[in-house]
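> I would like to see how this sequence folds:
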Amino acid sequence: MSPGEGRTVTTGRVPESWYGSDTSKAHPARVYDYWLGGKDHFAADRVVAERAAVNAPEVTMACRENRAFLGRAARMLAEDGARQFLDIGTGFPTMGNSDEAVHSVDPEARVVCVDNDPVVLAHSRALLSRRGSGSTTVLAGDLREPERILDDPALHAVIDFSRPVVVLMVAVLHFLRDEDDPAGVIARFHDAMAPGSHLIVSHATYDYNIKVLNNSRVWNDATSPFIPRSRTQIAELLAGFELLDPGLVDVAHWRPDGNRPLPPMHLNIYGAVARKA
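Okay, the predicted model is just below:
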């Protein structure tokens, strides 16, 4: 798919048979879609979502605030002149996704969405429409294999890594085990990014609700693990980047714009925008 070839949009619920892949296990993208009030989830996803909410009743609000954080951060960088965006672990292209936020500023900006789930990929590609400028390119890739993403010719057909790029890893790093070396994964993208590039990141934590740790067991029945980390652990993953103000904070408190009231509690997900000098 070439730059400017399509735009991601969504319609109503798609039948389970349409997906052509196993929906008997919960997948993070579909669980997240359920929490966001979407329509692309199945029984296994709803079971995990509801069990997780028992330990973390604030999870639905956390997901919505996380999506709002993504929008604020992406729009801010687009308004500051960023024109290349690489969203890894993008999930379903619904409800204020990165493409929507970036193209609200500049329809000509290039956005590449990467996901490892064939359900997400099929859904996104099937719903590409309104051909013209301001396109979104959808590619298969797994964050645990950064070299395969960065070496993909289809990525380089859209993104010029000799120029600044914004890499998004929003609500995806907590699905990497320690043995997946999340710090090393981020470092590999850091090395590939030109000076002046940015990283938008959010990550689940147990700092304010220790019961969040119980959800690691809940996610044993899903396609991915769930590894919440402390603020200190998350900060260590961002070595080599300079954090923009206000640093690594509750996503709802990252440059709130006044368009939504601040939640009355901590949401157990940190967010940050960081710059490569």
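> okay, now Gly196: neighbour count?
Neighbourhood size, Gly196 [other C-beta atoms under 10 Å]: 13. Glycine gets a C-beta too; all of them are placed from N, C-alpha and C.
> Could I get the contacting residues of it?
Gly196 is in contact with 164, 275-276, counting by C-beta atoms under 8 Å, 6 or more residues apart in numbering.
> which SS state does it fall under?
Using DSSP: H, G, I helix; E, B strand; the rest coil, the structure places Gly196 in coil.
> The one 4 residues further on too?
Here Ile200 is recorded as strand under three-state DSSP.
> contacting residues around it?
If you count contacts by C-beta under 8 Å, 6+ apart, Ile200 has them with 70, 73-74, 77, 166-170, 271-273.
> picking that back up, let's see which of the contacts of Gly196 end up in helices.
Among the contacts of Gly196, DSSP state H puts none in helices.
> how deep is the nearest residue to Leu262 once chain neighbours are set aside tucked in, by neighbour count?
Nearest residue to Leu262, sequence neighbours excluded (C-beta to C-beta, 6 or more residues apart in numbering): Ala252, at 5.6 Å. Ala252: 22 surrounding residues under other C-beta under 10 Å.
> now swap in the one 4 residues further on and tell me
Neighbour count for Pro256, taken as other C-beta under 10 Å: 16.
> Just give me the neighbour total for the nearest residue to Ala222 once chain neighbours are set aside.
Nearest residue to Ala222, sequence neighbours excluded (C-beta to C-beta, 6+ apart): Ala26, at 4.0 Å. With neighbours defined by other C-beta under 10 Å, the count for Ala26 comes to 26.
> Check Ser24 too.
Ser24 has 9 neighbours, counted by other C-beta under 10 Å.
> swap in Glu65?
24.
> try Ala43
With other C-beta under 10 Å as criterion, Ala43 counts 10.
> And Arg217, by the same measure?
If you count neighbours by other C-beta under 10 Å, Arg217 ends up with 11.
> I'd like the contacts of Gly196 as TSV, with distance to Gly240 appended.
Formatted as TSV, those follow (distance: C-beta to C-beta, whole Å):
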residue	distance to Gly240
Pro164	16
Arg275	11
Lys276	7
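> Which ones among those residues map onto strands?
Judged by DSSP state E, the contacts of Gly196 include Arg275 as members of strands.
> from the contacts of Gly196, which is closest to Phe175?
Nearest to Phe175 among those, counting by C-beta to C-beta, is Lys276 at 23.7 Å.
> Which parts of the stretch 51-200 of the chain are strands?
84-88, 110-115, 128-129, 136-140, 166-170, 198-204 (DSSP state E, counting those that start in this stretch).
> For Arg177, which of those is the nearest?
Ranking the strands of the stretch 51-200 of the chain by their distance to Arg177 (criterion: C-beta to C-beta) puts strand 198-204 first, at 13.7 Å.
> Within its sheet, name the partner strands of the closest one and how each one runs.
strand 166-170 (parallel), strand 269-275 (antiparallel) (DSSP bridges).
> got these as CSV, with mean neighbour count and distance to Pro107 columns?
CSV is the format used below for those (neighbours: other C-beta atoms under 10 Å; distance: least, C-beta to C-beta, whole Å):
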stretch, mean neighbour count, distance to Pro107
strand 166-170, 25, 16
strand 269-275, 24, 22
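> closest to Asp142 out of the ones you listed?
Going by C-beta to C-beta, the one of these nearest Asp142 is strand 166-170, 12.5 Å.
> Contacts for the closest one, please.
Residues contacting strand 166-170 (C-beta under 8 Å, 6+ apart): 66, 69-70, 74, 77, 82, 84-90, 98, 143, 186, 189, 193, 197-202, 271.
> Can you flag the buried ones in those?
Buried subset of the contacts of strand 166-170 (neighbour count, 16 or more other C-beta atoms under 10 Å): 66, 69-70, 74, 77, 82, 84-90, 98, 143, 186, 189, 193, 197-202, 271.
> With distance to Asp180 added, can I get the strands paired with strand 198-204 in TSV?
Formatted as TSV, the strands paired with strand 198-204 follow (distance: least, C-beta to C-beta, whole Å):
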stretch	distance to Asp180
strand 166-170	13
strand 269-275	19
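> If anything else comes up later, I'll come back, but that's it for now.
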